[in-house]
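Peer 1: Make a model of this:
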Amino acid sequence: MSRVLVTGAGGFIGGRVAREAAARGHEVRSLLHRASGGAIRGFLPAGEIHLGALPWDLPIQAFDGVDAIVHCARSGDPSIDLPGLIHLIRCARERGSKKLILITSHALPRWERDAEGRAADSGLAWSVLRTGPVFGPPPNGAFGRLCQSVRALPAMPRLDASGGDGIQPLHVEDLTEAVIRCIDERDTDGKAYNFGHGEPVELRRYLAYIAKGARPRKPLPVDVPMGAVLKALETVRSFGAPIPAGLTELGNLQAYPRVDTTAAMREFRLPERNLPFEVAQSAGAEERAPERRPKKVLLVGAGRAGHSHALTLLHSEESVLVGAVDSAPRALALLQSVGVKVPAYADLEQAIQATSPDAVVLATPTHTRYSLARMCLERGISVLAERPLAATAEGLAAFRHLVDRNTGTMCLAGYQMAEAPHVARLRERLSKGDLGLLRGARAIALGSQVPAAVEGLWELDRAKSGGGCLIHFGAHALSLLQAVVPSAADPSTPVAGNLSAAFLPDIEDAAELFLQLPGGVRAEFLCTWSLPDLPESRIEVRLEFERGSVLLTPSGWTLRPAAGAPELDSDDAPGGYAPAPDLGAAGYRVLHRKLARGENDPRSLSVAFAAEEMLHRIYAACPLARDPDAPARVAARAKDSP
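Peer 2: Model prediction:
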């Protein structure tokens, strides 16, 4: 019996591998996306369950004494998946794991080739399993997205044969069998295998097999050149418009070349499948999603952040704000005066009893968030907690443990700027790599929130707040930087610089910092919240590449290549109302939509943990000194940005 760690165990392939490995007598540890729903647990074998997210949020204890790691986790973003594999190898070597089993594809894009090389050079025993498109019941993952698109299309595209060499699909049961063999047998070490159907099948025939099972009636065939489909996809993508996931998969399948799978299929004794029958049978196994009702949301905290949440929720068609909680009657009265006419409560327990909420938004002082989140999560009430999650590194670890103990209940974190749709589009744009290597970065956060030592402001009480401008304001800029430069979230990134107190001795009002990124790249981080004459907050990230530059703000981005016209994108999330236009209003809408739809996105907490772990490392490493002139100096340095 071996001790096996399966990453991505909540997914189509990883879940099947975890269950089969346990059935064969192995001790299985399942690594799920952080905050995965409790429903996933019911499909996993008995054993340890760990939570995390690529690239940096991997629980180190999960790797202790592991005989084999089956790496199935994928985000679909090479700028996350490749650094995630590198960090996984680092964790495996540090904790004595013995073997890595890596699953790649016949297409072998550049990042997968690099990944295979990293596995071979890892110092671990390794096996690589290259596959064609994986199918099987019930249809999830890439196969499931294709099935959804085929079901939704008004007509069935009958593609011509210009879509490459054809594809060689592989049943998920056969891939699972190959993985188990690599766990059990040492003669598979140091080898790469190609698995898939022996004879390539044209993409149009594969889609026809799916249609036979996924559509209740035979669809009307429409002749469409594959080249036209790919060109249309690229045109839509160039305008930054969203592309249905299944159509993206269709474009990806065109890149699959013909490979020789005969030797591997024979060595592993895998059957030659009846593709028309088995693909159709698999496509027809999907269940319908239940209809949604508006989610009842309770707001806790009627301060500045609470106002932004409340006013945004009032404009949501998927949520209904059922009440507001605050111990200060004046705060509740002010909230009602701006049009938030909902029942008011002084106590969360009373509000829960009266409203039976599906979810709560915690916009309270930092030191209260753990206890309030615990009260809700342990009752099965979903939580959206404002940033920061905790005032100390120990408190952050406790919050992480709280989420891990309550995986059946959704928890999101309020780093709304990193959630904005244009940030995700920039991350995808940069993954093309055409700008070359990163040469420098700068994150800036300038504001006027604390122009003096304001009496009674909880943010200036370190025991309650955890810090000053850095954790409460600069975190916005840091989360944006980490969202588009994943290496800035690496917990081993060196940090240096100075924190300055302009008013109170233990609260920083300005920060002048540097992060040392891989390749000798230095990222400057400037922050102050004490500029009284600043009319509007300024938050931005500037990136300099070999062949261009990028300016990212809460409301959009500009990419200037060394050659060619600039590219622009903006905050265009639907919603029609922006209570905080300079603080990422689109991100509020995205977070509320996830809360309403039960989209337990692990990236939300990963963003929070990465940013706050870095912030607490900065507090530990960088001295705090009294310097009344620091805010003005930070503002002057920030003006140097073009």
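Peer 1: show me where pLDDT drops low in this structure?
Peer 2: In the predicted model, the chain carries pLDDT under 70 at residues 34-44, 46, 152-165, 215-255, 285-293, 571-585, 640-642.
Peer 1: Give me the longest helix you can find in it.
Peer 2: Using DSSP state H, we find that the single longest helix of the chain is helix 602-621.
Peer 1: what's that one packed up against?
Peer 2: Using 3 or more C-beta pairs under 8 Å, 6 or more residues apart in numbering; DSSP states H and E as the contact test, the elements touching helix 602-621 are helix 393-405, strand 411-414, helix 416-419, helix 475-484, strand 495-501, strand 510-517. Where you see a C-beta, it was placed from the backbone N, CA and C, and this is true even at glycine.
Peer 1: out of those, nearest to Ala452?
Peer 2: Taking C-beta to C-beta, strand 495-501 is the member of the helices and strands packed on helix 602-621 nearest to Ala452, at 12.8 Å.
Peer 1: Strand partners (parallel or antiparallel) of the closest one?
Peer 2: strand 510-517 (antiparallel), strand 624-626 (parallel) (DSSP bridges).
Peer 1: Give me the buried positions along the longest one.
Peer 2: Buried residues in strand 510-517, defined by neighbour count with 16 or more other C-beta atoms under 10 Å: 510-513, 515, 517.
Peer 1: Closest one to Val259 out of these, please.
Peer 2: Leu517 (36.7 Å).
Peer 1: So the closest one sits against Leu438, correct?
Peer 2: Yes: between Leu517 and Leu438 there is a contact under C-beta atoms under 8 Å: 7.2 Å.
Peer 1: so what sits against both of those two?
Peer 2: Contact criterion C-beta atoms under 8 Å, 6 or more residues apart in numbering; residues shared by Leu517 and Leu438: Val485.
Peer 1: before we move on, back to that, just put the helices and strands packed on helix 602-621 in CSV and tack on distance to Ala328.
Peer 2: Below are those laid out as CSV (distance: least, C-beta to C-beta, whole Å):
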stretch, distance to Ala328
helix 393-405, 24
strand 411-414, 20
helix 416-419, 24
helix 475-484, 25
strand 495-501, 28
strand 510-517, 30
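Peer 1: right, so these: which one is the most enclosed?
Peer 2: Ranked by mean neighbour count under mean count of other C-beta atoms under 10 Å, the helices and strands packed on helix 602-621 are led by helix 416-419, which reaches a mean of 29.
Peer 1: roughly how far is that one from the heart of the chain?
Peer 2: 11 Å (C-alpha atoms, centre = their mean, to the nearest Å).
Peer 1: Tell me the helix or strand right after it.
Peer 2: Toward the C-terminal end, the helix or strand that comes next after helix 416-419 (DSSP states H and E) is helix 421-430.
Peer 1: and that following helix, what other elements does it pack with?
Peer 2: helix 475-484, strand 548-553, strand 556-561, strand 567-570, helix 585-597.
Peer 1: give me that answer again for 6 Å
Peer 2: helix 475-484 (3 or more C-beta pairs under 6 Å, 6 or more residues apart in numbering; DSSP states H and E).
Peer 1: for the helix it packs on, packing partners?
Peer 2: helix 416-419, helix 421-430, strand 438-446, strand 538-545, helix 602-621.
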